[in-house]
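> Make a model of this:
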Amino acid sequence: MKSMALKRGNKAGSRKSMWRLFISARFLIYMGALSFIVTGVMLSIEIYQASAKAFPVRDVIFYGNKHLSDSELRSMAGINNEEGILTLSTVNISKNLQRSPWIKGISIRKELPDKMMIRIYETTPFAILEINGRAFLVDDNGKMLEEIKGDSVPFLPVITADPFKNKDNFADAINLAKVIKDKKIATERSRVEIIADKGSENLSMIVDSMVIKVGQGDYERKLQRLFELEQEIKKRAITIDYVDLRFVNRVVVKPISEVVR
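Numbers count the residues shown, from 1 in each chain. Model prediction:
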């Protein structure tokens, strides 16, 4: 009996010893793996720090920009000359630049060892918004670009509206301005003004000194009818008060009492 108990004790002791060895081996493996990871992380940090200083950006070339100067773009981009070209973030540069309402797109290319090429796609001024005695350049979506401090740009249509209070009216005015641009009306006249502060049904425009009541929608057809009528008015040398294009099948000219079809 004592012999069997002794054998069992020896077996139990042997199992405990093996278990301790197993735990010790796993611990050593874990510690080795952890040490390897820490070493790798530290090495990566050292490599990153070294690469961040390698190939510093010496030359940044902007092209495609017309309104914004190179110095303005470089300041907005936030490019640090001491940072290496390998680690310089093109995503951050793009985000910084696109905060400007003048920029609608950017393409960035790195050229080793020290050059960056940045293609700027600028927004084109589409119209002039006049609101509360101030004038702003806007794009074809009605987004304000910048305030005009001097004289208005003669070849752009002028929109009188309040986009903050009457978004729908302003949107109608933008759509009308797009047709005016397609027909190149603003480039051929001294002033084209769209008045959109009295409701979409009362949307009107002033071409030079002629008042035209346009109404809502179907702008291309309405302006085509206006051109046809305008030639007849010039031939007859008629002085008019206004032209009303809001009717479906006719154009009303005042002070002439008849309807010119």
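> now Val211, what's its secondary structure?
strand (DSSP: H, G, I helix; E, B strand; the rest coil).
> Who are the contact partners of it?
For Val211, the contact set (Cβ atoms under 8 Å, 6 or more residues apart in numbering) comprises Ser204, Met205, Asp241, Tyr242, Val243. For the C-beta atoms, the positions are set from N, CA and C on the backbone; glycine is no exception.
> and the residues you listed, which two are the farthest apart?
Farthest apart among the contacts of Val211 by Cβ to Cβ are Met205 and Asp241. That separation is 14.8 Å.
> higher neighbour count, these two?
Met205 (28 against 10; other Cβ atoms under 10 Å).
> Ala196 is in contact with that one, correct?
No: using Cβ atoms under 8 Å, Met205 makes no contact with Ala196, being 9.2 Å away.
> For Leu229, grab phi and psi.
Main-chain torsions, Leu229, degrees, to the nearest 10: phi -70, psi -40.
> what does the model give it for pLDDT?
In this model, Leu229 is scored at 80, pLDDT.
> got any ranges where the stretch 1-150 of the chain has weak pLDDT?
Scanning the stretch 1-150 of the chain for pLDDT under 70 picks out 1-36, 38-54.
> What residues does the residue nearest to Arg58 when sequence neighbours are not counted make contact with?
Distances taken as Cβ to Cβ, 6 or more residues apart in numbering place Asp114 nearest to Arg58, at 4.0 Å, with adjacent residues excluded. Counting by Cβ under 8 Å, 6+ apart, Asp114 makes contact with Phe55, Pro56, Val57, Arg58, Asp59, Ile85.
> can you do 10 Å?
With contact set as Cβ atoms under 10 Å, 6 or more residues apart in numbering, Asp114 has these partners: Phe55, Pro56, Val57, Arg58, Asp59, Val60, Asn81, Gly84, Ile85.
> for Ser204, same thing?
Ser204 neighbours (Cβ under 10 Å, 6+ apart): 160, 176, 193-196, 198, 211-215, 242-246.
> now swap in Lys213 and tell me
195, 201-205, 222, 242-247, 252, 254.
> now do 8 Å
Asn202, Ser204, Tyr242, Val243, Asp244, Leu245, Arg246.
> okay, which residue is most central for the chain?
The structure's the chain has its C-alpha centroid closest to Lys104; by Cα atoms, centre = their mean the separation is 4.1 Å.
> Would you report the backbone torsion angles of it?
With angles defined as degrees, to the nearest 10, Lys104 sits at phi -110, psi -10.
> Next one: it from Gly78, what distance?
19 Å (Cβ to Cβ, to the nearest Å).
> What about the contacts of Ser204, which are in strands?
Thr160, Glu193, Ile194, Ile195, Val211, Ile212, Lys213, Tyr242, Val243, Asp244 (DSSP state E).
> where do the strands sit along the stretch 151-261 of the chain?
Along the stretch 151-261 of the chain, counting by DSSP state E, counting those that start in this stretch, strands occupy 158-160, 192-195, 204-207, 210-213, 242-244, 251-254, 259-260.
> From the ones in strands among the contacts of Ser204, keep the buried residues only.
Thr160, Glu193, Ile194, Ile195, Val211, Ile212, Lys213, Val243, Asp244 (16 or more other Cβ atoms under 10 Å).
> Show me the helices in the stretch 51-200 of the chain, by range?
70-77, 90-97, 167-182, 185-188 (DSSP state H, counting those that start in this stretch).
> Which one, of these, ends up nearest to Phe126?
helix 167-182 (6.8 Å).
> Give the rounded mean pLDDT of the closest one.
Average pLDDT, helix 167-182: 91.
> in it, what's buried?
Residues of helix 167-182 classed as buried: Asn169, Phe170, Ala171, Asp172, Ala173, Ile174, Leu176, Ala177, Lys178, Val179, Ile180, Lys181 (neighbour count, 16+ other Cβ under 10 Å).
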